[in-house]
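K.L.:
Build the 3D model from these lines:
(4 chains)
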Number of protein chains: 2
Amino acid sequence: MADRLTVGVASRLSRYLQVLTQAKKMGKERISSQEISDYTNINATQIRRDLSGFGKFGKRGVGYSVDSLLGEIRKILRTQGQHNIALVGAGRLGQAIASSPIFAEHGINIAAVFDRDPDMVGRQIGSNSGSVLDSKSLKDVVRDKNIIVGVIAVPAASAQEATDELVDSGVKIIFNYSEALLDVPHDVQVHTSNPAVELLHALYFHLA
Amino acid sequence: MADRLTVGVASRLSRYLQVLTQAKKMGKERISSQEISDYTNINATQIRRDLSGFGKFGKRGVGYSVDSLLGEIRKILRTQGQHNIALVGAGRLGQAIASSPIFAEHGINIAAVFDRDPDMVGRQIGSNSGSVLDSKSLKDVVRDKNIIVGVIAVPAASAQEATDELVDSGVKIIFNYSEALLDVPHDVQVHTSNPAVELLHALYFHLA
DNA sequence: CGATGTTTGTAACAGACGGTTCCCATTCTG
DNA sequence: CAGAATGGGAACCGTCTGTTACAAACATCG
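P.N.:
Residues are numbered from 1 along each chain as shown, chains lettered A, B, ... in the order given. This is a model prediction of the structure:
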């Protein structure tokens, strides 16, 4: 239990979390390993093995309780509390992120939104985040609130600059929604999302 | 060569593609396996092994030519031509997707954008896509253009409905940017993007 | 109450895969 | 020319995954 999880296991547990969250919203109370398998394309035996490694969460002949399994996985991933993140960029993408319920559902709080455009500063975007702050205050705010996760939703041209400011302020995990490649110190993780590349990957496997 | 690639290999090749595309934009002409490793966190030896399996693309003591390696990987992934996709939803997220250069960079063309809101229909969003079409015409347009990739950028509540229409029209690959779990036939791939879950995953590994 | 079907938990095994470590050939730099 | 940098290639090992099989627990139905 004290051992760290493998990347593979943690990834799969995250997928389960995603399915369970949605299943709960749809009012489902119980779910079987086979159902999770249908949604994730992960082998049902693998799912049971993953879960049984941490305890006996399911009931034979019945399945898993959605609620309790959600709690157990959150315990395993140690992501039960609230997490604060900073969002840089209040353009279309930033607005889409800020107004999505997807972060709040998982206990993630958008603690601050920044933009360098004076016309955006002070506006309220999304429902769960405060008003847009001036990028000049980024360093102070991020440092004061001890934020360690930053989301980059600015054009590629200013992505590196935003990254540098975040890193300077103590951020250790960056989600990059620009096309830019970001240079960061070794102790900072960058997750770059690139739908186009994922699409090419999917297309390859679609060929008969 | 006729053999299908492993999922792992194809994933890594896609990552290389992403790095190379960006490196080219930054004016880089040569790149070493070590540099690619720095950006992708993939073992440099692994990278060389992946590439050398398809031919001798690099020059010893020098590295790889960015341009030619780009072409080689595109050849391997068979994604050289133009691909048409359909985008459903012209809200903030849909607009962000349509106006991003990220798809065009990889030869992916947003052939049609749909929205059910009459106020949106006819507007021009993004620079590379035509004007917004009424969702009522989705089936006809998608079928006529032989589109096999659809992107869902609508609220969770209407995601399944949009999915059903796409599937009915022959779409085989769906990128889902809503929180909804989508039910699809077995021959349709769904790629659900969930930044919040990815974030929890990253947070787990960040703990010292 | 008993029979039957469903679902989890667990073990065992084979195959694939990734990381590592070598060593060598080639090229560039000074 | 000497040395550093870099890709090509082989071999090894441990880990992970998918699969199969089966027993135990539970539900359902008659």
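K.L.:
Over to A:Gln189: give its phi and psi.
P.N.:
phi -90, psi 130 (degrees, to the nearest 10).
K.L.:
The residue nearest to it when sequence neighbours are not counted: how many residues sit nearby?
P.N.:
Sequence neighbours aside, A:Ile173 is the residue nearest to A:Gln189 in space, at 4.9 Å (criterion: C-beta to C-beta, 6 or more residues apart in numbering or on different chains). C-beta: built from backbone N, CA, C; applies to glycine. Under the neighbour criterion other C-beta atoms under 10 Å in any protein chain shown, A:Ile173 is assigned a count of 20.
K.L.:
what's the spacing between A:Ile173 and A:Arg4?
P.N.:
Computed as C-beta to C-beta, to the nearest Å, the A:Ile173 to A:Arg4 distance reads 17 Å.
K.L.:
who's sitting farthest from the centroid in chain A?
P.N.:
A:Gly61 (33.4 Å; C-alpha atoms, centre = their mean).
K.L.:
What helix or strand is that one located in?
P.N.:
Counting by DSSP states H and E, no helix or strand carries A:Gly61.
K.L.:
Please settle this for me: is A:Val151 part of a strand?
P.N.:
Yes - under DSSP: H, G, I helix; E, B strand; the rest coil, A:Val151 falls within a strand.
K.L.:
my read: it touches A:Ala98, true?
P.N.:
No - proximity of A:Val151 to A:Ala98 does not meet the contact threshold set by C-beta atoms under 8 Å, at 9.6 Å.
K.L.:
Overlap in contacts, these two.
P.N.:
A:Leu87 (C-beta atoms under 8 Å, 6 or more residues apart in numbering or on different chains).
K.L.:
Show me which residues of chain A sit near DNA strand D.
P.N.:
A:6, A:8-9, A:12, A:42-43, A:45-46, A:49, A:59-62 (C-beta under 7 Å from any atom of the strand).
K.L.:
Could you chop chain A up by domain?
P.N.:
Domain assignment for chain A, taken from automatic domain parsing, gives A:7-77, A:83-195.
K.L.:
Deepest in the core, which of the ones you listed is it.
P.N.:
Among the domains of chain A, domain A:83-195 has the highest mean neighbour count (mean count of other C-beta atoms under 10 Å in any protein chain shown), at a mean of 19.
K.L.:
Need the pLDDT of the residue farthest from the centre of chain A.
P.N.:
A:Gly61 carries a pLDDT value of 91.
K.L.:
cool, the one 10 residues further on as well?
P.N.:
You'll see A:Gly71 listed with a pLDDT of 94.
K.L.:
secondary structure element for it?
P.N.:
Using DSSP H and E, A:Gly71 falls in helix A:66-77.
K.L.:
again, but for A:Ile174
P.N.:
Residue-wise, A:Ile174 maps onto strand A:173-176 under DSSP H and E.
K.L.:
what about that strand, distance to the chain center?
P.N.:
Strand A:173-176 sits 10 Å away from the centroid of its parent chain (C-alpha atoms, centre = their mean, to the nearest Å).
K.L.:
which helices and strands does it pack with?
P.N.:
The helices and strands touching strand A:173-176, judged by 3 or more C-beta pairs under 8 Å, 6 or more residues apart in numbering or on different chains; DSSP states H and E, are strand A:149-152, helix A:156-168, strand A:189-192, helix B:195-206.
K.L.:
So what are the sheet partners of the first one and their directions?
P.N.:
In other words, strand A:149-152. strand A:83-88 (parallel), strand A:173-176 (parallel) (DSSP bridges).
K.L.:
Quick one: residues in contact with it.
P.N.:
A:83-89, A:97, A:142, A:159, A:162-163, A:166, A:171-178, A:182, B:195, B:199, B:202-203.
K.L.:
longest helix anywhere in chain A?
P.N.:
helix A:7-25 (DSSP state H).
K.L.:
Is there proximity between the next helix-or-strand element following it and chain B?
P.N.:
Sequence order places strand A:30-31 as the next helix or strand after helix A:7-25, per DSSP H and E. No - using C-beta under 8 Å from any C-beta of the partner chain, strand A:30-31 stays clear of chain B, coming no nearer than 11.1 Å.
K.L.:
rewinding a little: so, in contact with DNA strand C or not, the longest helix of chain A?
P.N.:
No - Helix A:7-25 lies out of reach of DNA strand C by C-beta under 7 Å from any atom of the strand, never closer than 8.6 Å.
K.L.:
just checking, what packs against that helix?
P.N.:
strand A:30-31, helix A:33-40, helix A:44-52, helix A:66-77, helix B:195-206.
K.L.:
Please state the offset of the fourth one from the chain centre?
P.N.:
Going back to what we said before, that points to helix A:66-77. On C-alpha atoms, centre = their mean, the centre of helix A:66-77 falls 17 Å from that of its chain.
K.L.:
Send over it as CSV, restricted to the C-alpha atoms.
P.N.:
Taking Å, rounded to 0.1, in the frame of the first residue of the first chain, the C-alpha atoms of helix A:66-77 are listed here in CSV:
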residue,chain,number,x,y,z
VAL,A,66,-20.5,3.1,-7.7
ASP,A,67,-20.3,5.3,-4.7
SER,A,68,-18.0,3.3,-2.6
LEU,A,69,-15.8,2.4,-5.5
LEU,A,70,-15.4,6.1,-6.3
GLY,A,71,-14.3,6.7,-2.7
GLU,A,72,-11.9,3.8,-2.7
ILE,A,73,-10.2,4.9,-5.9
ARG,A,74,-9.9,8.4,-4.7
LYS,A,75,-8.3,7.1,-1.6
ILE,A,76,-5.8,5.1,-3.6
LEU,A,77,-5.0,8.0,-5.8
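K.L.:
List the contacts of it.
P.N.:
A:5, A:10, A:13-14, A:16-17, A:20-21, A:23-24, A:28-31, A:51, A:54-55, A:57-58, A:80, B:200-201, B:204.
K.L.:
Run the angle between it and helix A:44-52 for me.
P.N.:
70 degrees (axes from the mean of the first three to the mean of the last three C-alpha atoms, to 10 degrees).
K.L.:
residues in contact with A:Gln95?
P.N.:
A:Ile125, A:Gly126, B:Arg92.
K.L.:
how does it look with 6 Å?
P.N.:
Going by C-beta atoms under 6 Å, 6 or more residues apart in numbering or on different chains, A:Gln95 touches A:Ile125, B:Arg92.
K.L.:
And for A:Ser129?
P.N.:
A:Ser129 neighbours (C-beta under 6 Å, 6+ apart): A:Ala98, A:Ile110, A:Val113.
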